Each structure stands twice: as C-alpha cells, then as structure tokens.
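Visitor: Sequence and predicted structure are below.
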Amino acid sequence: MSSFTFDGTPVEFRPGQSIGAALIAAGIRSWRTTRIAGRPRGVFCGIGICFDCLVRVDGSPNQRACRVIADEAMTVTSQEGTGHGDLAV
Amino acid sequence: MARVVVIGAGIVGAACGYFLARDGHHVTVVDRGTIGGGTTGRGEGNILVSDKPPGPELELARWSGALWHALGADPGSGVSTDDLEWQPKGGLVVATGAEALAGLMAFAERQASAGVECAPVGGDDLAGYEPHLVPGLPGGVFYPADQQVQPVRAAAALLRAARAFGATVRCDVEVTGVRVDSGGAVRAVRYRSGDGVREIPAEVVINAAGTWGGEVSTRLGAPIPVLPRRGFILVTEPLPQVVRHKVYTADYVANVASGDAGLETSVVVEGTQGGTVLIGASRERVGFDHAVRYQVVRLLAAQAVRLFPMLAGVSLMRVYRGFRPYCPDHLPVIGPDPRVPGVWHACGHEGAGIGLAPATGALIADLLAGRATRVTPEPFSPARFGDPSAPTPRVPGAPRDAGTVAWGASA
C-alpha cells in the first residue's frame, strides 16, 4: 500500500482516496486548530463545503483534506489557526 | 417633536434614526429589504479623511470622524465598540513614483491647512508602518484620523441604540409615496401591504435610500439625481494581522474625484477584525449591472500583490460588488427639499457613506431642531437640484382627491 507522511509519520492510502479519508482510516480525527479558541477540527461535511478539514500539503496551508487526493510524494502537516501565522506583523 | 419616517435601514438611515430618536422625535425606520442589505453591506467600512480635498465634504468627514470616535469610545452613546468592530487604525497613503509622491505631498499640505492631521513618511520608514509593503516605494503620508467599522454591524448597532431611544425599525416595508395636505405638506408615508396601501402618519420623511435614493425621491415627488457607480471588493481567507492600517496608493484620490465613466482601479488594502483582508477599489458606471467582471477581479488582485507581495501566497475566499450612490457634483444630498414640505434627503454619499453617516444624521437632527450646525449645510442642500418655485412634478397615474395629493405609483 502507498503512503504519505503526516507530521512525519507514514499514513497508508488506497488509490483515489482523499487525504481526509486516509487520515480517518488511520485513526486520526483532527489535524487543525481553530483560529481563536484553538479547538481541534477534522472532517465535518466531507464534501468540500465547510472548510473545517483544512490541512497543510507540501507547505501550502488551507487545503481541504476531503478534496485533495492523496499521493505518495505528499508531505502533509497539521495546521494551526489561519495557517499563515508566519505572516503576522 | 415630529413624527419622522426614515426610508432606508442602511448606515445613513440608521444614523438618522439614531440622532433623531435621541432628540426625542417619534421615529420609524423602514426598509424594503433588510438592515444594511443594500450598499452598506457591500463596502469596506472605511471612515476616511485622507482621500478628501479641502471643501464641504472634508468638513463633513472631519465632524463625522469625531462622531464615530464618540460613538465608539463614549459609553453614553448607547453603542458599543465591539458591536461596531470599530478600529481607529489610521490610513497610510503611499506613492509608487516620484511624481505621485510630489502630488501626494502637495495634496496633504492642503489638507493639513484645512485641519487634517497628517504626517509625511519617508520611503525608508514605510516598513515601520507596514512590514509587508513592497520595498523601494519613495514615501507616503500617514493619516491617524482614518478609522474603520464593520458596516452592517454598525448599522444594526445604531438602530439598536435608536430603538432604545424609542424608535421603531421595520423591514420589508417598501414606500410607494407620500400623502400631502392641501398646502402640499407631508402628512403620511404610504407603503404597499398585501393587496392594499397602508400609511404611517408623519410630518417628516427622510430619503436615506442610498443608491436607490433617486427612485425613492421620485416617489416622494422631489426627484434628485442619484446614480450607481459599481465597485468590486476581493476578500482573502482569514489571516493573522498582516496589514495594520488602511493602505492605498495616491492615485485612489484622483479616481474618487474623477468624472470618467470607464473602469478605474487603484489599490486599497485593509485588514478586518474578522481576519480577512479586503482588496479594492474599482469604479465603473455601468448602471445596476450585477455581472462579475473577472478582468476587474484579476486587475485588483494583481495590483494588490504588487503593493503587498506576500498576498501572492494567500487565497481569495470571495468577491462582492456594490453600487456607490453618486450625485453628478459628488456631494451628498442632505436636508429639506424645498419642493415638498416635509420631504428631506440623506443620500448620495458615493463611496463615503459609512464615514459620513453620523454627521449626516446629526446634521439632519440639528436642522430639524433649528439648532446651529457644525458645518455649513448649504453645499449639501437638495435646493441645488431643480427650481424650488417650479410646480412639483406629478407622478403619472397618481390619484388626486379632495384636498390631498398623493405621489407614488401605487398611492
């Protein structure tokens, strides 16, 4: 089975599976914290509408885990808040 | 105390309702839709002195800025800072070239002599104000008096405070005309209800219908020219604070004052309390055309990225557009209309309605009370349109009965 890395750990996925589905299958339920209260978030709607399952893929923040098809070469990392904390002034 | 109907629950109608109710008038604010559902909800919430040359509008803006400050900061106002999302953040106008800088400095000098607080910022000091600004700009001017609110929340907050002073707010009420007495003075405001027409008794009716103020003025029998000027705003995904002030380029001022009908764009960027960054500003005279023009969106995005290169790595969440209500002479219409006693106007604020709203409401309240006014009201007077001695135009099809004349298509 193929795998991508999530926060440094390999996560297996089947061809065509989304990052979100693969994470849930691996028992990982949350991978983002909210902007203000820092609460955990994962897949909510699962169909690309709610933007709750945001994750960082290959360095790009705010990717919807439920919409991005998993790939062997991907580096997926959990995201804090806006995912753009480095831009704060 | 008068019975007053304010037409329009946008920011200007809300401010009129607030100041009139505070004076003790019997106020009803009506809107054919929802609170802030027209132009108020389609802007950025800017309260600016920086973009105005010396003149009547700047005087109104300076007073209005002080009133916003009082509304935001004074616990006695009945309006809370949190409700307004009030941010007295200041504005930074930057020049992109030497010629633009010279023009900006001359403009700022004229403003300073009219009492506007402003400070030149050297090119090397711009980063201290806005660390993400593209390096190499020759300089700019900082205006500490520029402020920002969340416009829909601000309108709702003003109306909530107006209600606390006794005002009534009614949505889904579309005014069709007024009933006047044999002397031609307003007695009631008429609105459609189901199959019939109902009335709200009033001696004073205030046209605060924003971009639709022209249509409403015709229904009231006192037509004024208010026309739409379309603008787009781009909304980024939520970010930490990346832009501290309202930041725009010096050519924005020229665009605001321009009479050109074609597309004009300039870069206007500001953060919001909600985390999004708003990007404007475009101006087009295309009537009430709602179509989204992606060329304009692309242009605005590209200009913003040139000014703030870090925005290239940020996603846009949505785009919205609205219609600024402009008058041919670029001044709002505020005050009583000499053609129909009891009809007042408070509209035509173009892109400055949020900023000018409190002073508009306060000016109307002062004029109605016969008090001395803080600014000279004449430049804003509806008397500048049409000849007051000419007979009031009659709306075709309006019935006429003994002793009363009714204006309005379904009256």
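Guide: Noted; the coordinates are in hand.
Visitor: dump the residue contacts of B:L58.
Guide: When the contact criterion is C-beta atoms under 8 Å, 6 or more residues apart in numbering or on different chains, the partners of B:L58 are B:49, B:52, B:111, B:114, B:116. Placement of C-beta: from N, CA and C, glycine included.
Visitor: In the stretch 251-400 of chain B, what residue lies closest to chain A?
Guide: B:M310 (5.7 Å; C-beta to the nearest C-beta).
Visitor: got the phi/psi numbers for the closest residue to that residue other than its chain neighbours?
Guide: In this structure, B:M310 finds its nearest non-sequential neighbour in B:H132, 4.9 Å apart by C-beta to C-beta, 6 or more residues apart in numbering or on different chains. When read as degrees, to the nearest 10, the backbone of B:H132 gives phi -90, psi 0.
Visitor: Give the buried residues for stretch B:320-335.
Guide: B:321-327, B:331-335 (16 or more other C-beta atoms under 10 Å in any protein chain shown).
Visitor: Can you measure across it, start residue to end residue?
Guide: Start to finish, the residues bounding stretch B:320-335 are 31 Å apart (C-alpha to C-alpha, to the nearest Å).
Visitor: Determine how far it lies from the middle of the whole chain.
Guide: Mean-position distance between stretch B:320-335 and its chain equals 8 Å (C-alpha atoms, centre = their mean, to the nearest Å).
Visitor: And the pLDDT at the closest residue to chain B within chain A?
Guide: For chain A, the residue closest to chain B is A:A88, as judged by C-beta to the nearest C-beta, at 3.7 Å. A:A88 is assigned a predicted lDDT (pLDDT) of 95.
Visitor: three-state assignment of the residue lying closest to it once chain neighbours are set aside?
Guide: In this structure, A:A88 finds its nearest non-sequential neighbour in B:P240, 3.7 Å apart by C-beta to C-beta, 6+ apart. Under DSSP: H, G, I helix; E, B strand; the rest coil, B:P240 falls in the coil class.
Visitor: again, but for the one 4 residues further on
Guide: When states are read from three-state DSSP, the local structure at B:R244 comes out as coil.
Visitor: May I have the phi/psi pair for the residue sitting nearest the centre point of chain A?
Guide: Centroid-nearest residue in chain A, with C-alpha atoms, centre = their mean: A:V55, separated by 3.2 Å. Dihedral pair for A:V55: phi -150, psi 160, per degrees, to the nearest 10.
Visitor: so it bridges to which residues?
Guide: Beta bridges link A:V55 to A:Q63, judged by DSSP bridges.
Visitor: tell me the contacts of B:G43?
Guide: Applying C-beta under 8 Å, 6+ apart, the residues contacting B:G43 are B:151, B:233, B:322, B:351, B:353-354.
Visitor: Isn't B:T168 up against B:V29?
Guide: Yes - contact criterion C-beta atoms under 8 Å: B:T168 and B:V29 qualify, at 7.2 Å.
Visitor: neighbour-wise, which of those two wins?
Guide: When B:T168 and B:V29 are compared for neighbours, B:V29 comes out ahead with 32 against 15, by other C-beta atoms under 10 Å in any protein chain shown.
Visitor: Surely the more buried one and B:V6 touch.
Guide: Yes - at 4.5 Å, B:V29 and B:V6 qualify as touching, with contact defined as C-beta under 8 Å.
Visitor: Return every residue with contacts to both of the two.
Guide: The contact lists of B:V29 and B:V6 share B:13, B:16-17, where a contact means C-beta under 8 Å, 6+ apart.
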